[in-house]
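1. starting from these lines, generate the structure:
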Amino acid sequence: MAWAGAGALQIYLPIAEMPVSILLLLAMGAAVGFVSGIFGIGGGFLMTPLLIFLGLPPAVAVATQSAQIAASATTGTLSAFRRDAVDGRLALVLVAGGFCGTALGVWFFAALRRAGQLDLVIVISYVTLFTVLGSLMLTESLRDYLSVRRGTARPRRRAGHHPGYFHWPLRMRFPRSRLYASAIPILGTAVAVGFIGAILGIGGAFIMVPALLYLFRVPTAVVIGTSQVQVLCTALLAVLLQALLNGSVDPILALILILGGVFGAQFGARAGRNLRAETFRFLLAILVLAVGLRFAIELVMRPTEAFSVTPSETRR
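-> As a prediction, the model looks like this:
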């Protein structure tokens with residue numbers, strides 16, 4: 001059902017049970033797609049908070065955003081396969097761990113919803129994850145910037161020196177990534193990213209990519225493509241489970257966001273080519289930190305509609 005109101009075309013979202021402006025949703029999808037195109041990562045970490053700030057129930061925002069993540073990851077995955085930028089064996093390990101984490105996350109999501117604590121957990125999780133991660137990313141980018149200004153190169157790790165977790169049991173060889181390491185920490189990372197993604201409605205690429213780069217030293221040439229395979233598979237599973245178990249995926253909202261995101265991503269990809277690496281990391285850190293701080297403000301702000309609950313008197 002759609003109608004014109006307040007000078008904007010509006011549509012009723014059946015699962016969210018509220019009317020919203022189509023133009024506003026398209027603009028949000030395009031803006032997030034533009035940012036995703038610039039930074040080369042999924043926009044779930046930005047779109048889900050925007051939907052919550054717009055007034056949509058967090059459960060619907062999280063579940064529906066998984067559909068948009070799957071749509072955007074499809075394009076990235078196909079492009080990576082065409083460029084031979086995917087480590088198939090590593091992708092299988094990541095998908096296996098991601099499936100386990102996503103299934104656990106959706107189950108935990110449903111349990112929190114039944115207990116009436118889902119909204120609070122989502123907000124607190126965003127505050128914790130994004131402020132900590134954003135602060136670390138900002139510190140790292142500023143440290144790199146100062147090193148460049150001073151002309152001092154940061155120390156590199158010695159060749160052949162590997163962290164202890166590389167030598168854990170179940171060691172596997174990943175020829176495309178030039179990696180020989182235990183599958184246990186890789187699986188554990190994938191499970192954690194899948195779990196967080198299902199709870200918060202994020203693809204998890206902005207966590208998985210740094211993890212593969214810095215923890216497992218996977219070459220940059222295959223990191224993004226391989227992580228996109230995991231994001232695509234886990235997002236599809238999350239959409240399916242959220243729709244079947246929780247009934248919180250709004251197909252109309254998902255379609256509008258996908259249309260806007262595809263349009264904006266084309267322009268963002270072009271703009272991102274002109275960014276220097278230092279500027280890229282700095283802007284991404286600021287963006288992640290800003291989302292976390294916005295949720296922190298949400299926790300301490302006075303609600304716009306204060307209410308109280310008092311026992312009612314029964315009259316005979």
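2. name the helices or strands packed onto whatever helix or strand residue 286 lives in?
-> Here residue 286 sits within helix 277-300, counting by DSSP states H and E. Judged by 3 or more Cβ pairs under 8 Å, 6 or more residues apart in numbering; DSSP states H and E, helix 277-300 is in contact with helix 22-39, helix 44-54, helix 118-150. Any C-beta I mention is one placed from the backbone N, CA and C, and that applies to glycine too.
3. please point out which parts of the second one sit buried.
-> Spelled out, that is helix 44-54. The neighbour-count check on helix 44-54 (16 or more other Cβ atoms under 10 Å) flags 44, 45, 46, 47, 48, 49, 50, 51, 52 as buried.
4. out of these, which is nearest to residue 30?
-> Nearest to residue 30, judged by Cβ to Cβ, of the buried residues of helix 44-54 is residue 47 at 11.1 Å.
5. any idea which of the helices and strands packed on helix 277-300 is most buried?
-> Highest mean neighbour count of the helices and strands packed on helix 277-300: helix 44-54, a mean of 23 (counted as mean count of other Cβ atoms under 10 Å).
6. quick one: that helix to helix 277-300, angle?
-> Interaxial angle, helix 44-54 versus helix 277-300 (axes from the mean of the first three to the mean of the last three Cα atoms, to 10 degrees): 30 degrees.
7. who does helix 44-54 touch, helix- and strand-wise?
-> Helix 44-54 sits against helix 22-39, helix 58-82, helix 118-150, helix 183-200, helix 251-272, helix 277-300, with contacts defined as 3+ Cβ pairs under 8 Å, 6+ apart.
8. give the next helix or strand downstream of the longest one.
-> What it means is helix 118-150. Going down the chain from helix 118-150, the next helix or strand is strand 171-174, by DSSP H and E.
9. need the pLDDT of residue 47.
-> As predicted, residue 47 sits at a pLDDT of 86.
10. for residue 117, see how far away the nearest residue to it once chain neighbours are set aside is.
-> In this structure, residue 47 finds its nearest non-sequential neighbour in residue 32, 4.6 Å apart by Cβ to Cβ, 6 or more residues apart in numbering. Counting by Cβ to Cβ, to the nearest Å, the gap from residue 32 to residue 117 is 27 Å.
11. which one of the helices and strands packed on helix 277-300 lies nearest to residue 223?
-> helix 22-39 (13.8 Å).
12. let me have the helices and strands packed on helix 277-300 in TSV, extended by distance to residue 243.
-> TSV is the format used below for the helices and strands packed on helix 277-300 (distance: least, Cβ to Cβ, whole Å):
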stretch	distance to residue 243
helix 22-39	20
helix 44-54	17
helix 118-150	17
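13. for residue 11, what are phi and psi?
-> Per-residue torsions, residue 11: phi -140, psi 150 (degrees, to the nearest 10).
14. so what's the residue nearest to the spatial centre of the chain up against?
-> Residue closest to the mean C-alpha point of the chain, counted by Cα atoms, centre = their mean, is residue 202 at 2.6 Å. Residues in contact with residue 202 (Cβ atoms under 8 Å, 6 or more residues apart in numbering) are 42, 44, 45, 48, 65, 69, 196.
15. so among these, where is pLDDT lowest?
-> pLDDT across the contacts of residue 202 is lowest for residue 42, at 63.
16. shaky segments in the stretch 151-300 of the chain?
-> The model of the stretch 151-300 of the chain has pLDDT under 70 over residues 152-161, 268-278, 280-281.
17. quick check: residue 19 touching residue 54?
-> No: the criterion here is Cβ atoms under 8 Å, and residue 19 misses it with residue 54 at 11.6 Å.
18. so what sits against both of these two?
-> Shared contacts of residue 19 and residue 54 (Cβ under 8 Å, 6+ apart): none.
19. report the distance from the helix holding residue 286 to the chain centre.
-> Distance, stretch centre to chain centre, for helix 277-300: 14 Å (Cα atoms, centre = their mean, to the nearest Å).
20. find the nearest non-adjacent residue to residue 172, please.
-> In space, residue 172 is closest to residue 183, 4.9 Å off (Cβ to Cβ, 6+ apart).
21. for residue 173, same thing?
-> residue 180 (4.8 Å).
22. could you report the neighbour count for residue 200?
-> 24 (other Cβ atoms under 10 Å).
23. measure it to residue 193 for me?
-> For residue 200, the distance to residue 193 (Cβ to Cβ) stands at 11 Å.
24. and if you look at residue 261?
-> Noted for residue 261: a distance of 21 Å to residue 193, by Cβ to Cβ.
25. residue 50 too?
-> For residue 50, the distance to residue 193 - Cβ to Cβ - is 21 Å.
26. quick one: secondary structure of the residue nearest to the centre of the chain?
-> Following DSSP: H, G, I helix; E, B strand; the rest coil, the label given to residue 202 is coil.
27. before we move on, the earlier item: quick one: the residue nearest to residue 173 and residue 186 touch, right?
-> No: Residue 180 lies out of contact with residue 186 (Cβ under 8 Å); the separation is 11.9 Å.
28. those two: which is more packed in?
-> Taking other Cβ under 10 Å, residue 180 and residue 186 do not tie; residue 186 has more neighbours (25 against 13).
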